[in-house]
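In: From the sequence below, what's the structure:
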Amino acid sequence: MTAAKTNERPGTRASVRGYQMSATKARVVLNNIRGEDIQTAREILAGTTREAADVIAKVLNSAIANAVNNDGMVAEELYVSACYADEGITMKRFTPRARGRAGAIRKRACHITVIVSKMDDDRLEILSNARSAKAQSSRTQRVASSRRRADQTASVNKREAAAEAAALEAEANEAVVEDQIVTEVVAPETEVVATEVATEEVSAEVATEEVAEAAAEEKNEETK
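Out: Alright, predicted model coming up:
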């Protein structure tokens, strides 16, 4: 039993005709996405550096849009059931060569077609389980990363708090030392000032007594 013809394969299709690229170059990229689900095919095309990957990605997105809008399918349930590139028109040019000869230049073109279909139930279940496991693993990694960042932040906060406490303690010690120095410097000066004040008070008392005695003597002389 022969397989279905290329243009009779079931599914929703999209194509681009007459793209200026050889079919051989396009087939290298198409072979990588054939049979893959939509998400995987997009990831493969996004990571491919060949020029054909860009145009094939556009054709794939067009096929998905046709399946969703025209056939009522769900994009997450689709896969690339077939994709192929046919030879297009080849433009023939020439370049001058030595001794009057002409060198052939062939500007090739191709027709790229992508067909998407709905996956069967078994494959959908396997893909769903794989996605669930991946999501759970991703969540576990995010939680572990979040906890690790929280621990790092707490450790940094502890170090900062310890540094601030040490700085405050050092400032307090410096303030105590400065107070002691000021006290030691000011205390002798205060004692000297107090001594001078006491001496002045004593001198004033002596002078007052002398004045009183002189007044008394003058009064006695006047009485005599």
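
In: In stretch 89-98, which residues are buried?
Out: For stretch 89-98, burial by neighbour count (16 or more other Cβ atoms under 10 Å) applies to no residue. The C-beta positions use only the backbone N, C-alpha and C, and glycine is treated the same way.

In: Residues contacting that stretch, please?
Out: For stretch 89-98, contacts defined as Cβ atoms under 8 Å, 6 or more residues apart in numbering pick out 18, 102-109.

In: Let's see the ChimeraX selection covering just the buried ones among those residues.
Out: Buried members of these, defined by 16+ other Cβ under 10 Å, are picked up in ChimeraX with:
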select :108,109
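
In: right, and the pair among the contacts of stretch 89-98 with maximum separation?
Out: Longest distance between any two of these is 25.5 Å, between Gly18 and Ala102; criterion Cβ to Cβ.

In: isn't there a strand covering Pro103?
Out: Careful, residue 103 is Gly; it's not Pro. Yes. Assessed with DSSP: H, G, I helix; E, B strand; the rest coil, Gly103 lies in a strand.

In: got the contact list for it?
Out: Per Cβ under 8 Å, 6+ apart, neighbours of Gly103: 94-97.

In: and stretch 39-46, average pLDDT?
Out: In this model, stretch 39-46 carries a mean pLDDT of 93.

In: List the buried residues of that stretch.
Out: Applying 16+ other Cβ under 10 Å to stretch 39-46 flags 41-42, 44-45 as buried.
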